[in-house]
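> What follows is a predicted protein model with its sequence.
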Amino acid sequence: MTDSAPPHQAHWDAGDLGCGELVMELMLRLRRLQPGEVLRLTALDPGAPADIPAWCRMTGHVLLHCDPASHDFFIQRK
């Protein structure tokens with residue numbers, strides 16, 4: 001993780017979970033957070049770098065930071 005990674009309230013290591021299951025579980029995990037809180041998602045699925053930003057745009061959640069080297073995505077709940 002780089003020094004520019006934002007602080008986060010929760011972390012979920014999704015491993016190599018595929019897109020469909022990944023976004024369904026991501027939705028449930030974000031619902032557990034308060035608006036404005038940040039989830040650090042670690043996702044090894046090769047499609048995640050394209051899928052996660054697109055999903056955030058569609059749902060209104062904010063992708064604050066992504067680190068391709070560590071497969072981490074920092075998503076702020078809307």
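Looks like it arrived, so ask away. As the structure is a computational prediction, the values presented were derived from the model and not from experiment.

> Give me the contacts around the helix or strand that residue 65 is a member of.
According to DSSP states H and E, residue 65 maps onto strand 62-67. The set of residues that contact strand 62-67 without belonging to it, under Cβ atoms under 8 Å, 6 or more residues apart in numbering, is 1-2, 4-6, 38, 49, 52-53, 56, 72-76, 78. For glycine as for every other residue, the C-beta is placed from the backbone atoms N, C-alpha and C.

> Would you mind listing which of the residues you listed are buried?
Under a neighbour-count criterion of 16 or more other Cβ atoms under 10 Å, the subset of the contacts of strand 62-67 counted as buried comprises 5, 38, 52, 56, 72-76.

> Which of those residues fall within helices?
Among the buried ones among the contacts of strand 62-67, the members falling in helices (DSSP state H) are 52, 56.

> And the furthest pair within the buried ones among the contacts of strand 62-67?
With distances taken as Cβ to Cβ, the most widely separated pair in the buried ones among the contacts of strand 62-67 is 5 and 56, at 16.3 Å.

> what about the closest residue to residue 73 other than its chain neighbours, distance to residue 23?
In this structure, residue 73 finds its nearest non-sequential neighbour in residue 41, 4.5 Å apart by Cβ to Cβ, 6 or more residues apart in numbering. Here residue 41 is placed at a distance of 10 Å from residue 23 (Cβ to Cβ, to the nearest Å).
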